[in-house]
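*Asks:* Next input, structure requested:
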Amino acid sequence: MSIPRTAAHTDKAPQPYGGLYSQAVIANGVVYCSGIVAIDPETGKLIDGDVKAHTERILQSLSSTLQSAGTSLNQAVKINVYLANMDDFAAMNSVYEKYFVDEVKPCRTCVAVKSLPFGTDVEMECIAVL
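*Replies:* Reported below is the predicted structural model:
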């Protein structure tokens, strides 16, 4: 049995690289967002700045993607964070915590990886409910 799926899309977040994936897919009342790095949606280029600036841009893009799907970061249930260097953990968290202020915070995994697309320092993906 096939589960109905719908792609969500916004111009306020980075466009899928090479058209190989969707920004987000909605299935059974759940929104699955692809991993996002700190790409400026207008220029298609990685923004300047440190992990704090990159985290801010990513969370803005995730927020826009979720809005295009009919939900928001307040409805996030799981966030995966990928850091190129765990020394950036505290700096990333200092921005992240501004976006998740509700009593019930999303579950989260944060791992260090060898490298990330475009040589950046952080990538995030998200699962949210409608």
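*Asks:* Tell me the strands beside the strand or helix carrying Thr109, with direction?
*Replies:* Secondary structure assignment for Thr109, by DSSP states H and E: strand 107-112. Using DSSP bridges, the strands paired with strand 107-112 in its sheet are strand 76-83 (parallel).
*Asks:* Can you give me the buried ones in the partner strand?
*Replies:* Taking 16 or more other CB atoms under 10 Å as the neighbour-count basis, strand 76-83 is seen to contain the buried residues Ala76, Ile79, Asn80, Val81, Tyr82, Leu83. No exception for glycine: its C-beta is placed from N, CA and C like everyone else's.
*Asks:* With stretch 15-30 instead?
*Replies:* So, applying 16+ other CB under 10 Å, buried residues of stretch 15-30: Ser22, Gln23, Ala24, Val25, Ile26, Val30.
*Asks:* which residues sit against it?
*Replies:* Stretch 15-30 is touched from outside by 3-10, 13-14, 31-34, 41, 44, 65-66, 68-70, 117, 127-130, with contacts defined as CB atoms under 8 Å, 6 or more residues apart in numbering.
*Asks:* of all the buried residues of stretch 15-30, which two lie farthest apart?
*Replies:* Looking at the buried residues of stretch 15-30 by CB to CB, the two members farthest from one another are Gln23 and Val30, with 14.9 Å of separation.
*Asks:* contacts for stretch 110-127?
*Replies:* Around stretch 110-127, the neighbours that count as contacts under CB under 8 Å, 6+ apart are 17, 30-39, 46, 50-51, 54-55, 58-59, 62, 65-66, 73, 76-86, 88-89, 92, 106.
*Asks:* Filter the residues you listed down to the ones in helices?
*Replies:* Counting by DSSP state H, the members of the contacts of stretch 110-127 that fall within helices are Val51, His54, Thr55, Ile58, Leu59, Leu62, Thr65, Leu66, Phe89, Met92.
*Asks:* pretty sure the third one contacts Val95?
*Replies:* Pointing back at Thr55 there. Yes - Thr55 is within contact range of Val95, at 4.1 Å (criterion: CB atoms under 8 Å).
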